[in-house]
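Q: Structure here, sequence nowhere to be found:
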């Protein structure tokens, strides 16, 4: 239960389902949008990274790593960060709350190649496809 969670700052939520184990969804960032992340089913490794330059971020930035499952709490991703996730079991589900409506989010949307920072190398080839 999250009876003390203040949801007023959040305008929408969405669920991402990864049917295949080892699906990577990365890198997605926002200058002003904040996110809350909650795993609903399965196990995920979530990475966040503070962006130093939105046009050409340094490849030397080091991501923060969070191992999460349905028994974990809620992860807060502040503005100024990009994030990515890999599911470690099939049929994983992850819930995202966003502080911006969809139109505002689209105007604050920065995407980078999934291997721009590559923490996925630590996962064996049979997991990361």
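A: Structure received. Remember, it's a predicted structure, so these values are computed and weren't measured experimentally.

Q: what's the lowest-mean-pLDDT helix or strand in the chain in contact with?
A: Each helix and strand of the chain was given a mean pLDDT (mean pLDDT, DSSP states H and E); the minimum falls on helix 102-107 at a mean of 92. Judged by C-beta atoms under 8 Å, 6 or more residues apart in numbering, the contacts made with helix 102-107 from elsewhere in the structure are 11-12, 30, 33, 98. C-beta here means a position set from N, CA and C on the backbone, and glycine is covered the same way.

Q: could you point out which element follows that helix?
A: Scanning forward in sequence from helix 102-107, with DSSP states H and E defining helices and strands, the next element found is strand 110-111.

Q: Averaged pLDDT, that following strand. What do you get?
A: Here the mean pLDDT over strand 110-111 is 97, rounded to a whole number.

Q: quick one: strands adjacent to it?
A: Strands that pair with strand 110-111, judged by DSSP bridges, come out as strand 24-30 (antiparallel).

Q: All set, thanks.
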